[in-house]
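Trainee: Sequence and computational prediction follow.
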Amino acid sequence: MLNESKLICVGALAGAFGVRGEVRLKSFTSNPDDIENYAPLFTENGGRSFEIVITGRLKNGFAARLSGVVKKEQADDLKGTKLFVPRDRLPSLQEDEFYYSDLIGMIVYDTGGNEIGKVQAVLNHGAGDLLEIHGANLKMSVIIPFTKEAVPTVDIVSRRIVTDPPDGLLPGG
C-alpha cells in the first residue's frame, strides 16, 4: 500500500473527451508534458492506478487514455479525480524550489519573530506564486507574494517561513 503522506498531486481529470473513454487531463507538473512519464498515477487513497498515454492537446490540458478506461461513462465517473505519484519518483529540487504541498501548513512569522499564521494555500493566477495565510490574529486571510523579497526564508525542516511583506499588507503593518 502507498504511503499517502508521501504522495504529490501531479494532475486532475476533468471528465470525458469524446465517446471512446478518453479523458480531459490537467497537468500540474512544471513541464506539463512530463505527467505521462510519471505513470502509473494513483488516486489519492492509492486505491486505483492508471497508466497514461497523452493523445492530444486541449485548451488547459490534454486528451489522454487511461488504462482500464474504455467507455465515456467510465471517463465521466472520474471527473474531479486528482492524480498522484510517490514523492520519490519526482525530480530533486534546486535550492529555493519547493513543492506546494510542502508549504501548506507551515507557520509564517514576520521579521520580528511574531507568528502571523499558517500557509493555507499556494495560489498562482498567472503572475507568480502567492501564499494565502490564515491566522488567529487575522480578521481575514492575507495573500503574500511568494518572492525572495517578501519571503526571504523558507525552512522546510523546521516548517517555518519568515516574511517581510510589502508595507500595509499585514494589519498594523
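Mentor: Okay, I see it.
Trainee: which residues in this protein form strands?
Mentor: With DSSP state E as the criterion, the chain has strands at 7-17, 22-27, 41-42, 49-50, 52-58, 61-66, 82-86, 107-110, 115-124, 129-134, 142-145, 153-155, 160-163.
Trainee: Let's check: the centremost residue of the chain is which one?
Mentor: Tyr100 (5.2 Å; Cα atoms, centre = their mean).
Trainee: show me the contacts for it.
Mentor: Val122 (Cβ atoms under 8 Å, 6 or more residues apart in numbering). (C-beta placed from N, C-alpha, C; glycine too.)
Trainee: do you know how far it is from Asp77?
Mentor: 27 Å (Cβ to Cβ, to the nearest Å).
Trainee: And Thr111, by the same measure?
Mentor: 50 Å.
Trainee: Show me which of the two is the more surrounded one.
Mentor: Neighbour count, other Cβ atoms under 10 Å: between Thr111 and Asp77, Asp77 has more, with 14 against 11.
Trainee: Let me know the pLDDT of the more buried one.
Mentor: Asp77 carries a pLDDT score of 95 in this model.
Trainee: now swap in Val69 and tell me
Mentor: 94.
Trainee: nearest spatial neighbour of it, skipping sequence neighbours?
Mentor: Distance criterion Cβ to Cβ, 6 or more residues apart in numbering; nearest residue to Val69, sequence neighbours excluded, is Gly21 at 4.8 Å.
Trainee: about what we covered before: tabulate the strands of the chain in JSON lines, adding columns for distance to Lys72 and mean pLDDT.
Mentor: Shown next, in JSON lines, are the strands of the chain (distance: least, Cβ to Cβ, whole Å; pLDDT from 0 to 100):
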{"stretch": "strand 7-17", "distance to Lys72": "5", "mean pLDDT": "91"}
{"stretch": "strand 22-27", "distance to Lys72": "9", "mean pLDDT": "94"}
{"stretch": "strand 41-42", "distance to Lys72": "20", "mean pLDDT": "94"}
{"stretch": "strand 49-50", "distance to Lys72": "16", "mean pLDDT": "95"}
{"stretch": "strand 52-58", "distance to Lys72": "15", "mean pLDDT": "94"}
{"stretch": "strand 61-66", "distance to Lys72": "13", "mean pLDDT": "95"}
{"stretch": "strand 82-86", "distance to Lys72": "19", "mean pLDDT": "92"}
{"stretch": "strand 107-110", "distance to Lys72": "45", "mean pLDDT": "93"}
{"stretch": "strand 115-124", "distance to Lys72": "32", "mean pLDDT": "90"}
{"stretch": "strand 129-134", "distance to Lys72": "36", "mean pLDDT": "93"}
{"stretch": "strand 142-145", "distance to Lys72": "40", "mean pLDDT": "92"}
{"stretch": "strand 153-155", "distance to Lys72": "44", "mean pLDDT": "92"}
{"stretch": "strand 160-163", "distance to Lys72": "45", "mean pLDDT": "94"}
